[in-house]
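Trainee: Pasted the sequence and its predicted model underneath.
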Amino acid sequence: MKKTIFLATALSAAWMLSSCGGGNNPQNEKPVDSAQDINETVKPVDNQSSEFAVKAANGSMMEVEMGKLAQEKAQNPRVKAFATMMVNDHSRANEELKALASGKGITLPAELSTETKDHIDKLSKKTGKDFDKDYISMMVDDHNKDVKEFEKASNDVTDADLKSWASKTLPTLKAHQDSARAIKDGLKR
């Protein structure tokens, strides 16, 4: 009975949030903000845990989309191989996070944030060595941020399952970080 009431409340809150704004769907306008607003309303877990899950989902979706773009556009074989690793590893991480979030009632963004889409759009206009250098530079910067966020989450996030997932995912992110740095250094030569 409590689960039914909780689900009805969650669906009602999601509907109310998505119907606000004069006909615009905030999930399409700002998917990350919309997901977090729903989580703050429904409170499936504490705010810190849900914020981490939402950011991690957006970041991982970005890695997959940028990786797909790099698989098509990169010229350097190391960059292409890195892009394939990004698509494979982050797709797997996305699926794990979706399953975890679903079991807890955490709303994740359905699509990339507007800011992230803009980054991908700018990158898609690059070609050749410029594309390779910019993509790898973005991957170094992004993984530097990701490693910090996942280290913090693996120590500080209250939800035990999300904390465990962050700890389990961290070594893969560190390997990505090291690979991206090595490729970036190689591209400078």
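Mentor: It's in. Numbering: from 1, shown residues only.

Trainee: Only alpha carbons, please: show the helix or strand containing residue 121 as CSV.
Mentor: Assigned by DSSP states H and E, residue 121 belongs to helix 114-124. The C-alpha coordinates for helix 114-124 follow below in CSV (Å, rounded to 0.1, in the frame of the first residue of the first chain):
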residue,chain,number,x,y,z
THR,A,114,21.8,21.4,-23.1
GLU,A,115,25.4,22.4,-22.2
THR,A,116,26.7,18.9,-23.0
LYS,A,117,24.8,18.9,-26.3
ASP,A,118,26.5,22.2,-27.2
HIS,A,119,30.0,20.8,-26.4
ILE,A,120,29.3,17.8,-28.7
ASP,A,121,27.9,20.1,-31.4
LYS,A,122,31.1,22.2,-31.3
LEU,A,123,33.3,19.1,-31.4
SER,A,124,31.4,17.7,-34.4
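
Trainee: Show me which positions of the following helix or strand past that helix end up buried.
Mentor: Once the chain leaves helix 114-124, the next helix or strand it forms, by DSSP H and E, is helix 128-156. Judged by neighbour count (16 or more other CB atoms under 10 Å), helix 128-156 contains these buried residues: 131-133, 135-136, 138-140, 142-143, 146-147, 149-150, 153-154. From N, CA and C alone the C-beta is placed, and that goes for glycine too.

Trainee: buried set for the next helix or strand after helix 128-156?
Mentor: Later in the chain than helix 128-156, the nearest helix or strand by DSSP H and E is helix 160-188. For helix 160-188, burial by neighbour count (16+ other CB under 10 Å) applies to 162-163, 165-166, 169-170, 173, 176-177, 179-180, 183-184, 187.

Trainee: got these as CSV, with distance to residue 108 columns?
Mentor: Formatted as CSV, those follow (distance: CB to CB, whole Å):
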residue, distance to residue 108
162, 12
163, 17
165, 13
166, 15
169, 15
170, 19
173, 18
176, 21
177, 23
179, 26
180, 25
183, 29
184, 30
187, 33
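
Trainee: got any ranges where this structure has weak pLDDT?
Mentor: Low-confidence segments of the chain (pLDDT under 70): 1-29, 31-45.
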